[in-house]
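> quick one, fold the following:
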Amino acid sequence: MRGTQQPAGRAPGPPPQRAAAGSPGLAGVGTAVPPVSYTQREVLDTFGITDRRIRSVFLGGNIERRNLTLPPIGPDGTPLEESQGDLLRKHTETGLRMGREAVERCLADAGAELDDVRYLCCVTSTGLLTPGLSALLIRDLGIHPSCQRLDVVGMGCNAGLNALNAVAGWAGGHPGELALMVCVEACSAAYVFDGTMRSSVVNSLFGDGAAAVAVRAREHPGDEAPPGPELLRFASHIIPEAVSAMRYDWDDAHGKFSFYLDADVPYVVGAHAETAVSRLLDGTGLGTGDIDHWVVHSGGKKVIDAIRVNLELSRHDVRHTTGVLRDHGNLSSGSFLFSYERLRDEKAAVPGDLGVLMTMGPGSTIETALVRW
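Have a look, this model is predicted:
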């Protein structure tokens, strides 16, 4: 067991009690990606990138493949330049296709039907639509028009846990009814290709993907619990002095939105990881050594390494996170659900196990949740 890192002066106490009626739990999960997967070398070759520095960024980040929706190829054999309008259409079309697939797989995993959905929360940062993805998915999937909905837009990679907090709150207030959260990120609709190192770092990292999770609270104490873990508590840690370290804003030079990542992001996030987890576990008597499973956002090689070192985690603890990064890249808000799906499929968690879900993104923010199987 790793060091427990107990708060000074606090004796270990009992873990949070498993709640009874009204406690929300994960009832199912489903993911989806575009049909075409590219190796990093294939992306470099498609865009004719020969700069050694940029190629090293693509090839040195522990990413092997990503599912992307690349621009059409023009008459000269090179990808066409996409306007902001083209990118927004890509966000809409690719996002809706992935979102539908993720929701359908999630419901199948939960043993539920579309008619069971009473609340739908959609999360995205790769495009702005009005009406939002929630209304469009309700229409396209044929979900009952009485379904309540919420769109969480522009919060970035941490937003999956921000939204899950809201979904859990709704489910806890409506025991027995099914709520869905779906993270839809068409990251290739947020790319700028200009040959600069700033844009190349972003272009080397993000992939397209959607992930949905079903949440339900037991209506009565004697009811069967959801098959996944119960959501015990959430905690946030915001780093205001790093508010500009991750941002998605308008680029006048290109006439489109552009994503920016500060080179110090991994170190900023890593330096605050222990504080974020301590805040989550405060008052429970638990330390990091009591956590059996870690589901961490696949933010990039340096980010994962910083989290692992600062929390004294093993490579095994973050195996699903690094596996998702290797196979799909950074999937923004839905990344942690891709990792959770791998943990679920592994069948490694047993009743009584504790887990921490962790995401990080613009704000700069670290979001956490404590779960128990």
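
> how many residues are close by residue 298?
Look at residue 298: counted by other Cβ atoms under 10 Å, it has 31 neighbours. All C-beta atoms are positioned from the backbone trio N, CA, C, and that covers glycine.

> OK, contacts around it?
Listed by Cβ atoms under 8 Å, 6 or more residues apart in numbering, the contact partners of residue 298 are 304, 321-322, 324-325, 328-331, 335-336, 338-339.

> do the same with residue 269
So residue 269 contacts 299, 303, 306-307, 360, 364, 366 (Cβ under 8 Å, 6+ apart).

> do you know the pLDDT at it?
In this model, residue 269 is scored at 93, pLDDT.

> what of residue 14?
Value for residue 14, per-residue pLDDT: 45.

> just the one 5 residues further on next, same as before
The predicted local confidence for residue 19 comes out at a pLDDT of 43.

> next: the one 4 residues further on.
pLDDT, the model's per-residue confidence, is 81 for residue 23.

> and what of residue 11?
pLDDT for residue 11: 37.

> so how far is stretch 239-255 from its chain's centroid?
20 Å (Cα atoms, centre = their mean, to the nearest Å).

> how long is that stretch from one end to the other?
Distance between the boundary residues of stretch 239-255 (Cα to Cα, to the nearest Å) amounts to 30 Å.

> what's in contact with it?
If you take Cβ under 8 Å, 6+ apart as the criterion, stretch 239-255 is touched by 83-84, 125, 154, 156-157, 190, 192, 194, 256-262, 264-265, 268, 272, 361-366.

> at 6 Å instead, please
Stretch 239-255 is contacted from outside by 192, 257-262, 265, 268, 272, 362, 364, using Cβ atoms under 6 Å, 6 or more residues apart in numbering.

> can you put the residues you listed in a markdown table and add distance to residue 295 and neighbour count?
Listed next are the contacts of stretch 239-255 as a markdown table, based on distance: Cβ to Cβ, whole Å; neighbours: other Cβ atoms under 10 Å:
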| residue | distance to residue 295 | neighbour count |
| --- | --- | --- |
| 192 | 31 | 21 |
| 257 | 29 | 18 |
| 258 | 30 | 19 |
| 259 | 24 | 25 |
| 260 | 27 | 16 |
| 261 | 22 | 20 |
| 262 | 25 | 16 |
| 265 | 20 | 21 |
| 268 | 21 | 19 |
| 272 | 18 | 20 |
| 362 | 20 | 23 |
| 364 | 20 | 24 |
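
> ok, back up a step: nearest to residue 205 among the contacts of residue 298?
Nearest to residue 205 among these: residue 330, at 4.9 Å, using Cβ to Cβ.

> not counting residues beside it along the chain, what's closest to residue 260?
In this structure, residue 260 finds its nearest non-sequential neighbour in residue 247, 5.2 Å apart by Cβ to Cβ, 6 or more residues apart in numbering.

> ok, the one you found to residue 124 distance?
Distance, residue 247 to residue 124, using Cβ to Cβ, to the nearest Å: 16 Å.

> which other helices and strands contact the lengthiest helix in the chain?
The longest helix of the chain (DSSP state H) is helix 84-110. On a contact count with 3 or more Cβ pairs under 6 Å, 6 or more residues apart in numbering; DSSP states H and E, helix 84-110 meets strand 24-32, strand 178-185, strand 209-217.

> can I get the host helix or strand of the residue nearest to residue 260 in CSV, CA atoms only?
Assigned by DSSP states H and E, residue 247 belongs to strand 246-251. Provided in CSV are the C-alpha atoms of strand 246-251 (Å, rounded to 0.1, in the frame of the first residue of the first chain):
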residue,chain,number,x,y,z
MET,A,246,-5.6,26.7,-21.2
ARG,A,247,-8.0,28.6,-23.4
TYR,A,248,-10.1,28.4,-26.6
ASP,A,249,-10.5,31.8,-28.0
TRP,A,250,-10.8,33.7,-31.3
ASP,A,251,-7.7,34.0,-33.5
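
> mind exporting the C-alpha coordinates of the helix or strand of the chain with the lowest mean pLDDT to CSV?
One helix or strand of the chain scores below all others by mean pLDDT, DSSP states H and E: strand 256-261, with a mean of 81. Provided in CSV are the C-alpha atoms of strand 256-261 (Å, rounded to 0.1, in the frame of the first residue of the first chain):
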residue,chain,number,x,y,z
LYS,A,256,-11.5,31.0,-36.4
PHE,A,257,-11.3,29.8,-32.9
SER,A,258,-8.0,28.4,-31.7
PHE,A,259,-7.0,26.4,-28.6
TYR,A,260,-3.9,27.3,-26.6
LEU,A,261,-2.0,25.2,-24.1
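
> how far off centre is it?
19 Å.

> got a list of what residue 307 touches?
Here residue 307 is in contact with 270, 273, 296 (Cβ under 6 Å, 6+ apart).

> rewinding a little: in the longest helix of the chain, which residues are buried?
Within helix 84-110, the residues scored as buried using 16 or more other Cβ atoms under 10 Å are 87-88, 90-92, 94-103, 105-107, 109-110.

> so what strands line up beside the following helix or strand past it?
Sequence-wise, the next helix or strand downstream of helix 84-110 (DSSP H and E) is strand 117-124. Paired with strand 117-124 in the same sheet, following DSSP bridges, are strand 148-153 (parallel), strand 178-185 (parallel).
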